[in-house]
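Participant: One predicted model, sequence on top.
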Amino acid sequence: MTLPRLPGPLEIARLVYEHTARGHRGLVEVETAKGLLRLQLSVGFVLAMDVGPQAPVGADSQVRYLLRARGQASFRLGQTLPGRFLIEPFRPDASIRAHVDAQTLSVERLRERIGEQAVTVSFPPHPSALFGEERAMLLRLATAQSVDQLVQSVESTPSRVLRLLLFLDALGVLVIGLPSGELAAAYALLELPPAATRSDVKSAYRRLARSLHPDQFPHASPSELRALADRFASLHAAYRLLVGQAANVALNDRGESS
């Protein structure tokens, strides 16, 4: 029997970033070999951390613990930790950036994967995780750009552009082949690949909308209900965008075939 693969250390950090970037408020729980890791997320930050009696002391140690964590993770929307677990808030994107920069990672494999295709970003990192001209590059990536276009638009070197793209790829937000970051984020919110059909979009929306219905949370607190409402609003906006995109594609296809 093949055992399920445990997410690697950086994958847990990426999952935490994914939820903070989507504006989710609640708890990420990870079953690790050392016990249960719980992280309270809100407004782009990790606000509280519970790792049991072996809790690391200090912000740097807590971040390193998160980056190394392995285990199966789940998310509990709207839930919080008791006040005794509050920590100095930190952004997971900035922490992942520091981790990536500390590694001797080659950009060649990423460069080969991108090739001549254009790239965009689904959930941009906070400016605090960027350096110098990278902020201008990220603004350009709101619409899809090739590596050469990025180099020319901000008068940077290929190595600096690829350093940023390597970080965005490690963060899990680099998207290849979509025309805009808005579309990339919409697909990510509905947990769909870019090649999803209109039927796929509708099915995903119905499934996720049912999971957010208040009836699924009969004991939810007012703050949890607000979190559900916020998440549903984002989900509905993504659905409308993708359904409209699919309709435009269908019209264009009919026009080309007529």
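Facilitator: Ah, there it is. Computed from a predicted model, the values in this text were never measured in an experiment. Residues are numbered from 1 along each chain as shown.

Participant: Now do the helices in the protein.
Facilitator: For the chain, the helices defined by DSSP state H occupy 9-21, 59-68, 92-102, 108-114, 134-140, 147-153, 158-171, 181-189, 198-211, 222-257.

Participant: what about Arg22, how many neighbours?
Facilitator: When neighbours are defined as other C-beta atoms under 10 Å, Arg22 has 19 of them. Where you see a C-beta, it was placed from the backbone N, CA and C, and this is true even at glycine.

Participant: tell me the contacts of it?
Facilitator: Shown in contact with Arg22 (C-beta atoms under 8 Å, 6 or more residues apart in numbering): Phe123, Ala188, Leu189, Arg231, Ser234.

Participant: quick one on the thing from earlier: ok, which of the helices of the chain comes nearest Gly44?
Facilitator: Among the helices of the chain, helix 9-21 comes nearest to Gly44, with 4.9 Å by C-beta to C-beta.

Participant: neighbouring contacts of the closest one?
Facilitator: Here helix 9-21 makes contact (C-beta under 8 Å, 6+ apart) with 7, 26, 28, 30, 39, 41-46, 66-71, 73, 75, 91-93, 95-96, 99, 123-125, 170-173, 188.

Participant: any idea how far it is from the chain center?
Facilitator: How far helix 9-21 lies from its chain's middle: 7 Å, per C-alpha atoms, centre = their mean, to the nearest Å.

Participant: Helix 92-102 and that one, what's the angle between them?
Facilitator: 150 degrees (axes from the mean of the first three to the mean of the last three C-alpha atoms, to 10 degrees).
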